[in-house]
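Chemist: From the sequence below, what's the structure:
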Amino acid sequence: MLAYLKSWPLYVLPQHAVSRLIFRATRLRSPLVPAVIRWFSARYGVDMNEAKNPDPTAYPTFNAFFTRALRDGARPLAQQPDTIACPVDGTVSAIGTVDDTRVFQAKGRDYSLVELLGGEHQAAPYRNGCFATLYLSPRDYHRIHMPLDGILTRMTYVPGRLFSVAPHTVATIPRLFARNERVIAHFDTALGPMAAVLVGAINVAAIETVWAGLITPPPGKVARETDYPPNADAEGAVRLARGSELGRFNMGSTVILIFGPGAMSWDAGLAAGSPLRMGQRIGTQARAQGNAST
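Modeler: Model prediction:
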C-alpha cells in the first residue's frame, strides 16, 4: 500500500514542467556547484575516485558532473568476442524472454512490445526474443554504451509521460515503460536486430545520443522516426563498436535491451535486483553457449 501512496501523486504532478526546471537548474553556473556535488556524492554514495576528474571544483555545472566520464580502466570490457557487454552501471529491474509480444514489468504486470516500440512493424523482429530492463539510480554512471558492435538502422522518438522509474513505481504503475517518453535505437548486429530503449523519467531532463545530440527536451507531441543507411560505408551511416558510448541520461532512468528470438541467452544468475557494472558480461550469443566462460 505504501508503494501505491508514493506513486499516486505522480499522476497529477506536472511531470514535464518539473523536469524542464531541473534541466535549467542543473546547467546553471554557480560557485555553489562544488558544494552541491559534494552533498550529492555523500548522499547517494557516488565514488568520485572512478571519475576521470575526481575534483568537484572541475565541473562548471551539476549536469557536467552528472554526465561525467570515468577514468581509463574503471570499467574493463568483457574480452570474449562472443559475449554481450552490459551497457550501463545499474541494477536489473527485470530480465528474461518476451512472451510473444508481452514484456514482463513486475510481479503481476506486463506491457506490450508493440506499444513500447511504436508499432507492429517495429516489434516484429523481437517477438519471442530476449529482454533486459536495467535501472540507473542517481548514484550510477549515466553514460550508455554499446553491448556489441552494431550499425544503427533506425531511431524512434515516442512522446509520453515522465513517471518515475524507481522500483516502487515500476511495481505499481501499469505499462509504465510503454507510457513514458522514450528514444528507441535499432541496430543491426552479429546477433541480428537489437533495440536499445532509453526511457525518460521525472527529473530526467535530457536524453541524448552520440549521433543526433539532444533528443529531448523539448518534448515532442508526435512520434517521429529517422532511418539510417544499413551499409556501414554509406554516407550518414552510424557504426558503433562494442563498449563505445551510445548516449547519456541526466538523472536516473532505465535502458531496455531487446534481442530477437534464438539470438542470445542471458547469463545464469542474473535476476531482478542484480547489480551491474558497465562492460561486464551479461550474456552470450546462442550459438556460442557451449563454449562460453565467465
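
Chemist: who touches the residue nearest to R71 when sequence neighbours are not counted in this structure?
Modeler: For R71, ignoring the flanking residues on the chain, the nearest one in space by CB to CB, 6 or more residues apart in numbering is K52 at 4.8 Å. Any C-beta I mention is one placed from the backbone N, CA and C, and that applies to glycine too. Listed by CB atoms under 8 Å, 6 or more residues apart in numbering, the contact set of K52 reads R68, A69, L70, R71, D72.

Chemist: Dump those into CSV; add distance to Y135 and pLDDT as well.
Modeler: CSV is the format used below for the contacts of K52 (distance: CB to CB, whole Å; pLDDT from 0 to 100):
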residue, distance to Y135, pLDDT
R68, 19, 94
A69, 21, 95
L70, 19, 96
R71, 24, 94
D72, 26, 93
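
Chemist: most surrounded residue in those residues?
Modeler: R68 (21 neighbours; other CB atoms under 10 Å).

Chemist: Pretty sure Y59 is one of the things that one touches, is it not?
Modeler: Yes: between R68 and Y59 there is a contact under CB atoms under 8 Å: 7.2 Å.

Chemist: Dump the contacts of K52 to JSON lines, plus distance to M278 and secondary structure.
Modeler: JSON lines is the format used below for the contacts of K52 (distance: CB to CB, whole Å; DSSP: H, G, I helix; E, B strand; the rest coil):
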{"residue": "R68", "distance to M278": "13", "secondary structure": "coil"}
{"residue": "A69", "distance to M278": "12", "secondary structure": "coil"}
{"residue": "L70", "distance to M278": "8", "secondary structure": "strand"}
{"residue": "R71", "distance to M278": "13", "secondary structure": "coil"}
{"residue": "D72", "distance to M278": "14", "secondary structure": "coil"}
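
Chemist: Closest one of these to S253?
Modeler: R68 (16.3 Å; CB to CB).

Chemist: Next up, phi/psi of the closest residue to that closest one other than its chain neighbours, please.
Modeler: Of all residues not flanking R68 in the chain, A51 sits nearest, at 5.0 Å (CB to CB, 6+ apart). Backbone torsions of A51, given as degrees, to the nearest 10, read phi -70, psi 150.

Chemist: just T57 next, same as before
Modeler: Per-residue torsions, T57: phi -80, psi -10 (degrees, to the nearest 10).

Chemist: Could you check how far the closest residue to it other than its chain neighbours is from Y59?
Modeler: Nearest non-adjacent residue to T57, counting by CB to CB, 6+ apart: P34, 4.7 Å away. Distance, P34 to Y59, by CB to CB, to the nearest Å: 8 Å.

Chemist: Between the two, tell me which one has more neighbours.
Modeler: Higher neighbour count among P34 and Y59: Y59, with 19 against 16, using other CB under 10 Å.

Chemist: ok, and the nearest residue to that one once chain neighbours are set aside, which helix or strand is that part of?
Modeler: Distances taken as CB to CB, 6+ apart put F65 closest to Y59, at 4.1 Å, once the chain neighbours are dropped. Per DSSP states H and E, F65 falls inside helix 62-66.

Chemist: I'd guessed the residue nearest to T57 sits against F62; true?
Modeler: No: P34 lies out of contact with F62 (CB under 8 Å); the separation is 9.9 Å.

Chemist: sorry, back to before: which member of the contacts of K52 is positioned nearest D100?
Modeler: Comparing these against D100 with CB to CB places L70 closest, at 38.8 Å.

Chemist: which residues sit in contact with the closest one?
Modeler: E50, A51, K52, Y141.

Chemist: Most neighbours out of those, which is it?
Modeler: Y141 (24 neighbours).

Chemist: pLDDT below threshold where in the stretch 101-250 of the chain?
Modeler: The stretch 101-250 of the chain contains residues with pLDDT under 70 at 205.

Chemist: just to revisit the earlier point, export only the CA atoms of the helix holding F65, formatted as PDB.
Modeler: What follows is helix 62-66, C-alpha atoms only, in PDB (Å, rounded to 0.1, in the frame of the first residue of the first chain):
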ATOM      1  CA  PHE A  62      25.800  19.900 -11.900                       C
ATOM      2  CA  ASN A  63      25.000  18.400 -15.200                       C
ATOM      3  CA  ALA A  64      28.700  18.200 -16.200                       C
ATOM      4  CA  PHE A  65      29.300  16.300 -13.000                       C
ATOM      5  CA  PHE A  66      26.200  14.000 -13.500                       C
END
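
Chemist: so what does the helix or strand following it touch, helix or strand wise?
Modeler: Heading C-terminal from helix 62-66, the first helix or strand you meet, by DSSP H and E, is strand 83-85. When contacts are defined as 3 or more CB pairs under 8 Å, 6 or more residues apart in numbering; DSSP states H and E, strand 83-85 sits against strand 281-285.
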